[in-house]
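# Make a model of this:
(chains A, B, C and D)
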Amino acid sequence: MLYIFCPHCGESRSEEEFAPAGQAHIARPLDPAACSDAEWGEYMWFRDNPRGLRHELWLHAAGCRKYFNATRHTVSYEIVETYKIGEKPSFSETVDEPQPQAQGATA
Amino acid sequence: MQRYSGFGLFKHSFSHHENWQRMWRNPTPKAVYDVVIVGAGGHGLATAYYLAKVHGITNVAVIEKGWLGGGNTARNTTIVRSNYLLDESSALYEHALKLWEDLSQDLNYNVMFSQRGCYHLCHNLQDLRDAERLVTANILNGIPNELLDTRQVAEEIPYLDCSPNTRYPVLGASVQRRAGNARHDAVAWGYARAADALGVDLIQQTEVTGFRKQDGVVIGVETNKGFIGAKRVGMVVAGNTGPLAAKAGFRLPVESHPLQALVSEPIKPIIDSVIMSNAVHGYISQSDKGDLVIGAGIDGWVGYGQRGSYPIIEHTVEAIAEMFPVLSRVRMNRQWGGIVDTTPDACPIIGTTPVKNLFINCGWGTGGFKATPGSGHVFAATLAKGEPHPLAKPFSIERFHTGALVDEHGAAAVAH
Amino acid sequence: MSQINRLASGGRIDRSKPLSFTFNGQSYQGYAGDSLAAALLANGVDIIGRSFKYSRPRGIVAAGAEEPNAILQIGARADTQVPNVRATQQALFGGLVASSTNGWPNVNNDLMGILGKVGGKMMPPGFYYKTFMYPQNMWLTYEKYIRKAAGLGRAPTENDPDLYDHMNRHCDVLVVGAGPAGLASALAAARSGARVILADEGEEFGGSLLDTREQLDGMPAGEWVAKVVAELKTFPEVVLLPRSTVNGYHDHNFLTIHERCTDHLGDTAPMGPFARPARQRLHRVRAKRVVLAVGAHERPLVYGNNDVPGNMVAGAVSTYIRRYGVAPGNKLVLATNNDYAYKTALDWLDAGLKVVAIADARSNPRGSWVEEARSRGVRILTGSSVIDVKGSKHVEAARIAAIDPHGFRVTSPGEWLECDLIASSGGYSPVVHLASHLGGKPTWQEDILGFVPGNTLGVQARVCAGAVNGVFRLGDVLADGFEAGAKAASETGFGAVSGELPRTEKRIEEPTLALFQVPHDKPTARAPKQFVDLQNDVTAAGIELAVREGFESVEHVKRYTALGFGTDQGKLGNINGLAIAARCLGVNIPQMGTTMFRPNYTPVSFGAVAGRNAGALFEPKRYTALQAWHVKQGAKFEDVGQWKRPWYFPKAGEDLHAAVARECKAVRDSVGLLDASTLGKIDIQGPDAREFLNRVYTNAWTKLDVGKARYGLMCKEDGMVFDDGVTACLADNHFLMTTTTGGAARVLQWLELYHQTEWPEMKVYFTSVTDHWATLTLSGPNSRKLLSKVTDIDLSPDGFGFMTWQEGKVAGVPARVFRISFTGELSYEVNIQADYAMGVLEAIAEAGQEFNLTPYGTETMHVLRAEKGFIIVGQDTDSTVTPFDLNMGWCVGKTKPFSFIGWRGMNREDTLKAGRKQLVGLKPVNASDVLPEGGQVVFEPNHPKPIPSAGHVTSSYMSSSLGHGIALALIKGGLERMGQKVYAPTRDGRLIEAEIVSSVFYDPKGERQNVV
Amino acid sequence: MTAANVYQQRPDDSVKAESPLHHAGFNELAGKGKSGAGVTLREKKLLAHLTLRGDSRDPAFAEGVHNALGLELPAALSLSTRDHVSLQWIGPDEFLLIAPRGEEFAIEQKLRLALGEQHIQVVNVSGGQTILELSGPKARDVLMKSTSYDVHPNTFPVGKAVGSVFAKTQLYIRHTGDDTYELLVRRSFADYIWAWLQDASGEYGLAVEG
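Numbers count the residues shown, from 1 in each chain, chains lettered A, B, ... in the order given. Coordinates of the predicted model:
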């Protein structure tokens, strides 16, 4: 169970208090009418799905009710930072990928 | 291929089982194949088998970075059913179910497919409406499905708490009697053995690191053991779809999430069928070995760690104890996680990709295992003909651009 | 029956407290302090079960969590049964009832065993994949018998009488294991002032120190344990948890500890001073640092017939002698490849028993213990091992022969030595389970011939100490433990500590020889069965066969043979199995790698995992302020999310339909009362509130005046409807939004999401007031008359128009009253601070008597609104329906300047195409028919299967007001098909014909709500 | 003053009022049961509860609040108290004010006056929640059974208030005295929390004060 530092409350809390809300920094197109159907589909549904660091949106649902961002490794699950909406992440490149979890995990 | 039978076992017992042949070879990769399939899970192996058997294409390699059937094939809760709501999805899963029914004989490998029935419990009035919708939709499509009332449910599922005093009383259930379980590992091994016998090369411990393209057309795969040429490439890599698609240069409406499951210690038979409850959030069956096999929910975040968060396990166990209070003193042995590739409409993506001659089969979410034969069958046709099989057509990537989703997810929260 | 194997003295048992128990119906006696296994051995019980596949007799082989055989059924009553209890980890209590889990008719005379002997030859690994295929329809029959034979114990057949509990804990240092390393660790951490939890699976702290012959400071090790435990108890921030197994190591240093609070006292928890305490408790621990001091498991050697009762792991024999005063035999043969096992021979001698011989696979062992044994006259056969065993129900003799471990062959004919106990030791496997739960791969350490914990993948802050690290000498273990505890504490900010560790004895210890499977003169497939995994009947020959058939990865071998799949998860057998597979493949053990380790370390009751979230507390039940009144009126309740809502209010003898017909009539004819308090309510304030509504609702809000209310639809970005409700303008910058009952929380979250992430510049705040306001809906032509009796508000049609609201007093309580209608009748929704709702309701009920004021529930509400064609989001919609599909294009602001949420989505190729499912009314041709709710309908009932669906019924009722059935349905191209017929083929084989009609069945002009 | 609808929602005290745990009958239960209970529970009912929203980074907001209430704006996770009025940090732009019964209307007016044209929200939520005070030597153990928040006094000293999970719902826990805690409970969940607390404190003994 993750232990997540809420940048508003200023302390770490158990994952139970939070709700994940998908990839962070997906801005709503300013002029939806100018988007093709395909572009609108991509805005709604196409996401980065890396093995490595990913910027995510989280809600501190049981705490301060604020959304914030987290940079989390999708294999080790390590959270390298959390930051408020409107702030920029400090970590972005994919760090060294940890060794596979399983003995020869599936392709 | 050495034929398996009870008599064969008897015969081999006299030679102390020293003369059993390998189930598959360990071939050296050829320079070029007609079709290269990336990923030797159940779907990939089934695809190879049907390419060889149905389409006569035997110059096929299946490339696997680990071991055969080592991904979600080895980690699911082995439920097989076809009672999906929408015409497109029920057609696909029913196609699979029909193949399941003859699979052991077809492969000469007992995949232990047991049609012990699958119940979806209803706990509120909307559940009942959804069940009526599902059952009648299935009936129209020629897929038998029944709706039971509380009394019938109580009779058919002995230890289920059907009293009106539970937090969410059981108001009824739909039941697909042809649904059931199969032995997950056997499916991969049975397909592998049969495909190998037809000439397919199964290349394990070889990781695809990239795709070689010429003028936008894929011509083979780069691996950690060198380049392997291919006229067509099929990607069937549940749990690794995003990263591999990224290597091929495109993005998908797919997120990979942990899906957890757990088993009890083996106990004498007490649960005779598959019982699922969406409202209470748990599902359960009992394996031939006696383990209660229990499925938990999907974690809400992307994760490739083959493990998820503990509260998901807790909620699931609470649900099982609520449904079957007699199991409270039975003990949980082991938990684990698979990686499911989820799509916005909870339906797979099968077909072409932005890269010519590179085909994809992914996004099965929680439905992958039960679809294995059907998925392999339609994907083999897709690879053989270069265009989607009719049953696969509704499941193109383009639907996320046009909006023509096959929204199993939205239409009814019946997943798994 | 006397305790024939009980030694005259010794052990940590209390001989003054004899305890009676039964096993397989036979009564026995043991002592307080015994484990069930110790008590069984004391009584000379050899056979405690039959093996799973071959039905061979099996006895106890170990003394702890690694025991594979002694898996028993416990419990005196139908409701207290516990299947699969490991007898080695169950404390004996008076009245304990235990039985074997397999064996028919009983474990001593087992008929299945004969079948196992004959059939066993036909049951190599994976045999079931190769047979039972023909004829196809017979599989379920075959399977029935396979299922009956499989499984171990039985589940209870009645509900658990016990309670379970959770305890959330946080600490600086969690020390797992209270053996020498763990105790030293905990001591160091505690002295630094850290918050420490020390947990151990045993009945008491001490681990291996409780039965070692080694001394500390020249005293029995147990005395040091007592001293340390006494000191630990003096620290207020130290939590000591015996009988508590750390079972799972989860992400970010979250661990679960399963405490068996009362399992040592009886079948069920005894009553406490106030209430019955929990039988078991699950501690959910978040630790800043974890010290894993979990020790090592001794491996047995794999030799022929090594499963006959009387074959044990060497260390376990010592445990039974020294801790429990039990010697499970008289004449011992010891097989070893290391020095430590000699301690067992010395313990055996100390107990006054005979050591027949020690077979040491090493050619020239000279360690201190070896010399001690030699000096006491024990016959030591070097370069040798036990290769076969004689005896059917108990060991009678061991065959010892010279072996060449590297060439894997037997080099002498050897000799049969008479004995009744064979103890073997093949080295020690560090318990890497917890360290590997998060995917960290253990690494092979050649010098100790074992895997030790690997890296931690960066996230988990843990230290390993003692035997789990491959440190086996007692002095080194203590030092390693102390250092680990000090390090863990200092890493969490506590100062350095010092302390003197007890003095240990100096001696020479020589390395272990790599020997796993002992060779036999015949090839493995033809040799006597050499068991690797006793619980799953996996033999060395089986592993060879798996490799021969192409199962070359460790996971394949495991899955094909079932190695390690038992309830012991292969604690004894996995490394041996791995070594055998590696030998067959010609690779070394680290090249094979290990299988994955998963929680739980040992099994945990479902009840403990669920804790108090069971029965009535499984999930919250939410109630409105008027619940007591509903109960008094005899309401039946419907679950709507977590809410309990009155479904209908039956009078004596009424069923649902009769009650609903009566309630509907009352509303249409006079006045009814509905508790609408569960609707979500959100207070919205700020200068940008109105613009925000424009963006989140599909319709326009710019011109809504203060005092007015408007219905709105909400869509997601894909254009699909996801909530609806009425929002009122309370003041220029102040709105009250209502949502569906089920949607309240998610709508608020969604508003916050857009506000916080997309439009933070907008000045608007949202606060839930769902619980603050109680809402009483009065609906029906007499509602005005009734309300006027209890309010000072001007209710005249001109003074209080439709879709407006007023403030005033109702029954003396300040209220906001909204004139909105979900029934089509004249209606008022009275909002009162919930604390005062009951009084207001009672006053209204009193005033309403003259109008036959009738309480109605959700079912009547649904009928009345369906007669009017009003949708219920989630019933008449799923998430595939746009406002246009609902024929509610009137509710979409097509010219709003801002591209509101959903607008782009509802204008895509697929959402604009013809033939989408659209909401229409269906009127059964036969007035008495009611279409099944949810059911599919078709245009062509005679079409061969598959029959194309025309759509499905979303709502369907008998309308007593109209005298016929009515339904709402989503029909393909429905709005273009008015007057056409559809057919509902029902599940019971009928065909109901219905006409596609407008979805507004009742009062289509909407005149009734304007009644004067 | 912001354009909001403000009105007196509470009748005078002569009108019958039922707090969220009215049906539990604390008055009747008080003094019953075995002595020596480790946990004592009482409902601090029918108080004035107001949600206050505003930008805490804006000094004018803090000043306005201070002018109206005589209370400093509490820092994150803390509670300012003065006489019988407390102000609790809920989030960076959200605070909860609890005052004696019936004062909510006057306080809201005072706040709106003091905060002038600032963008704020004041909402009366008095009817929607209640306070359960949990005290006694075993009160902390009951909390530990119920929430994954670390309620050890080192991390949760007196004066701190946190929102967290509690059993299968969410609420705010306020540490108000050595062995005394307040749970801020939503009305519709009050019965569940009451049932939970009876169950969880069973082994320690639970006394109820009317």
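# give me the beta-bridge partners of C:Ala731?
Beta-bridge partners of C:Ala731, counted by DSSP bridges, are C:His734.
# Next, work out how far apart it and C:Leu748 are.
Spatial separation of C:Ala731 from C:Leu748 under the definition Cβ to Cβ, to the nearest Å is 20 Å. (Each C-beta comes from the backbone N, C-alpha and C, glycine too.)
# got the residues of chain D near chain A?
Counting by Cβ under 8 Å from any Cβ of the partner chain, the positions of chain D adjacent to chain A are D:76-77, D:90-92, D:94, D:148-149, D:162-165, D:170.
# Neighbour-wise, which one of those leads?
Ranked by neighbour count (other Cβ atoms under 10 Å in any protein chain shown), those have D:Val162 at the top, with 28 neighbours.
# How about the residues of the stretch 201-350 of chain B by chain C?
For the stretch 201-350 of chain B, the residues in contact with chain C under the definition Cβ under 8 Å from any Cβ are B:204, B:264-270, B:286, B:288-290, B:305-307, B:309-310, B:313-314, B:317-318, B:320-322, B:325-336.
# The same query, at a cut-off of 6 Å, please.
Applying Cβ under 6 Å from any Cβ of the partner chain, one finds that the stretch 201-350 of chain B approaches chain C through B:265-270, B:288-290, B:310, B:314, B:317-318, B:321-322, B:325-336.
# residue contacts, C:His556?
Applying Cβ atoms under 6 Å, 6 or more residues apart in numbering or on different chains to C:His556 gives the contacts B:Trp67.
# Just read off the phi/psi values of it.
Listed backbone geometry of C:His556 is phi -60, psi -40, with angles given as degrees, to the nearest 10.
# now chain D, which segments are flagged as low pLDDT?
The model of chain D has pLDDT under 70 over residues D:1-2.
# Go again with 90.
Applying pLDDT under 90 to chain D flags the ranges D:1-3, D:32-33, D:210.
# Show me the helices in it, by range?
For chain D, helices defined by DSSP state H occupy the ranges D:26-29, D:59-69, D:104-115, D:139-146, D:190-200.
# any weak-confidence spans in the stretch 1-150 of chain C?
Along the stretch 1-150 of chain C, the model assigns pLDDT under 90 to residues C:1-2, C:51-55, C:102-123, C:126, C:131-142, C:144-146, C:148-150.
# and the stretch 1-150 of chain B, which of its residues are near chain C?
B:4, B:6, B:9-10, B:13, B:16-18, B:20, B:22-24, B:67, B:104-105, B:109-110, B:114, B:124, B:129, B:132-133, B:136-137, B:140-142.
# just the buried members of these?
Buried members of the residues of the stretch 1-150 of chain B next to chain C, counted by 16 or more other Cβ atoms under 10 Å in any protein chain shown: B:4, B:9, B:13, B:16-17, B:20, B:23-24, B:67, B:104, B:109-110, B:114, B:124, B:129, B:132-133, B:136-137, B:140-141.
# Show me those that map onto helices.
When DSSP H defines the helices, the subset of these inside them is B:Leu9, B:Ser13, B:Ser104, B:Arg129, B:Glu132, B:Arg133, B:Thr136, B:Ala137, B:Leu140.
# D:Arg57: which of these is nearest?
Looking at those and their distance to D:Arg57, the nearest is B:Arg129, at 49.3 Å (Cβ to Cβ).
# re earlier: and chain A, which of the residues of the stretch 201-350 of chain B next to chain C reach it?
If you filter these for contact with chain A, counting by Cβ under 6 Å from any Cβ, you are left with B:Tyr310.
# Restricted to buried residues, select the residues of the stretch 201-350 of chain B next to chain C in PyMOL.
Written as a PyMOL command, the selection of buried residues from these, which uses 16+ other Cβ under 10 Å, is:
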select buried, chain B and resi 265+266+267+268+270+288+289+290+310+314+317+318+321+322+325+326+327+328+329+330+331+332+333+334+335+336
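# could you measure the residue of chain D positioned farthest from its centre against D:Ala207, distance?
Among the residues of chain D, the one whose C-alpha is farthest from the average of all C-alpha positions is D:Lys34, by Cα atoms, centre = their mean at 28.6 Å. Distance, D:Lys34 to D:Ala207, using Cβ to Cβ: 9 Å.
# Where does pLDDT dip in the stretch 151-300 of chain C?
Judged by pLDDT under 90, the stretches of the stretch 151-300 of chain C that qualify are C:151.
# got the residues of it near chain A?
Applying Cβ under 6 Å from any Cβ, one finds that the stretch 151-300 of chain C approaches chain A through C:His250, C:Asp251, C:His252, C:Phe254.
# Mind checking which of the residues you listed land in strands?
Secondary structure assignment (DSSP state E) places C:His250, C:Phe254 from those within strands.
# Any chance of TSV for the residues of the stretch 151-300 of chain C next to chain A, columns neighbour count?
Rendered in TSV, the data for these read as follows (neighbours: other Cβ atoms under 10 Å in any protein chain shown):
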residue	neighbour count
C:His250	25
C:Asp251	25
C:His252	21
C:Phe254	22
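# could you pull out the helices for chain A?
For chain A, the helices defined by DSSP H occupy A:37-45.
# Pull up the gap between the residue of chain A found nearest chain D and chain B, please.
For chain A, the residue positioned closest to chain D under Cβ to the nearest Cβ is A:Cys64, at a distance of 3.5 Å. According to Cβ to the nearest Cβ, to the nearest Å, A:Cys64 stands 19 Å off from chain B.
# Phi, psi for that residue please.
Torsion angles, degrees, to the nearest 10, at A:Cys64: phi -90, psi 0.
# just how off-centre is stretch B:388-396 within its chain?
Counting by Cα atoms, centre = their mean, to the nearest Å, stretch B:388-396 is centred 18 Å from the centre of its parent chain.
# Next, count neighbours for the residue in the stretch 751-900 of chain C positioned nearest to chain B.
Nearest residue of the stretch 751-900 of chain C to chain B, counting by Cβ to the nearest Cβ: C:Ser879, 3.3 Å away. C:Ser879 sits with 19 neighbouring residues when counted by other Cβ under 10 Å.
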